[in-house]
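# Quick one, what's the 3D model for this:
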Amino acid sequence: MVKGVALIAWDVVEGGVVRMKYPEDVEVPDNIVQQIQISHNFAESYIITEEKNWNSISFFNKDKEAIIMLILEKYDDGSDYIPVLEEFNKELETNAEGELLIQHLKRIYDFSLNVFRTRDEVISKLSNEVAFLKTKEYDIQRKFEKIIEANNLNVKSKVQFLLATNDYLSLKDLQKSINTSPSWLLKVLSTLTKEGIIELNKKKKIYFLKF
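Now for the predicted structure:
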């Protein structure tokens, strides 16, 4: 997420200087300021700066002769924040100055926090749901395997259970899992194919359930 926003201007004596920043306590090392100022070289461009303890994305506004910079968390991908940086740059174009500009920057800063916090919450929720579904899938597969291992099913049922828990199986795979004669297994597979329950991919020589 965005840790802060800073506006860097050019001073003929000091070089790059932080004209304003928000929040006020966000740290912007002088060596980083000079590095970013030199990197932009007064050309309109987006620059991602990643150092050991620093991560930011910045844009040089040629008309305002200023660099708008977003300070990011260590592992953030700067390219994700280009739309946010563009919103900050639009505020810079409004000619707002002083306290008014700070209020505008604060408004967009707070908005960006809410957007990315919501995004992270959505990603976290999706990750939890995927993990739950994977666990449930594993549990169902184990239950199917338990039924098959009990050896009280006929060959026809075993074939369907095995193909229900696997995307596809070859004849060899089925022979390993089902204790029956090759000729009877082939007869059962032929019957299931004719009934439209399973299908054989002749090119790959694999069976799969039709649904």
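
# in which helix or strand would I find the residue lying farthest from the centre of the chain?
Distance from the C-alpha centroid of the chain peaks at Ser183, with 49.8 Å (C-alpha atoms, centre = their mean). Counting by DSSP states H and E, the element that carries Ser183 is helix 182-194.

# can you give me how far whichever helix or strand comes after that helix is from the chain middle?
Using DSSP H and E, the helix or strand that directly follows helix 182-194 along the chain is strand 198-201. Put simply, strand 198-201 sits 36 Å off its chain's centre (C-alpha atoms, centre = their mean, to the nearest Å).

# Pull up the pairing partners for strand 198-201, direction included.
Sheet pairing of strand 198-201 (DSSP bridges) gives strand 206-209 (antiparallel).

# tell me the mean pLDDT for the strand it pairs with?
The pLDDT scores in strand 206-209 average 92.

# hey, C-alpha coordinates of it in PDB?
C-alpha atoms of strand 206-209 as PDB (Å, rounded to 0.1, in the frame of the first residue of the first chain):
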ATOM      1  CA  ILE A 206      -7.100 -42.300 -22.000                       C
ATOM      2  CA  TYR A 207     -10.600 -42.700 -20.500                       C
ATOM      3  CA  PHE A 208     -12.500 -39.800 -18.900                       C
ATOM      4  CA  LEU A 209     -16.000 -39.200 -17.600                       C
END
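
# still on that earlier bit, state the distance from the residue farthest from the centre of the chain to Asn201.
Counting by C-beta to C-beta, to the nearest Å, the gap from Ser183 to Asn201 is 22 Å. C-beta: built from backbone N, CA, C; applies to glycine.

# Tell me who's in contact with Asp11.
Neighbouring residues of Asp11 by C-beta atoms under 8 Å, 6 or more residues apart in numbering: Val17.

# and it, what are its bridge partners?
Gly15.

# So for it, what's the pLDDT?
So Asp11 comes in at 85 (pLDDT).

# what stretches of the protein score poorly on pLDDT?
94-101, 104, 108, 111-130, 143-144, 146-152 (pLDDT under 70).

# which residues in it form strands?
2-11, 15-22, 46-51, 54-61, 66-72, 169-170, 198-201, 206-209 (DSSP state E).

# Let's have these in JSON lines, adding distance to Ser39.
Listed next are the strands of the chain as JSON lines, based on distance: least, C-beta to C-beta, whole Å:
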{"stretch": "strand 2-11", "distance to Ser39": "11"}
{"stretch": "strand 15-22", "distance to Ser39": "10"}
{"stretch": "strand 46-51", "distance to Ser39": "5"}
{"stretch": "strand 54-61", "distance to Ser39": "8"}
{"stretch": "strand 66-72", "distance to Ser39": "9"}
{"stretch": "strand 169-170", "distance to Ser39": "57"}
{"stretch": "strand 198-201", "distance to Ser39": "56"}
{"stretch": "strand 206-209", "distance to Ser39": "55"}
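
# Just name the most buried of those strands.
A comparison of the strands of the chain by mean neighbour count, using mean count of other C-beta atoms under 10 Å, puts strand 66-72 on top with a mean of 23.
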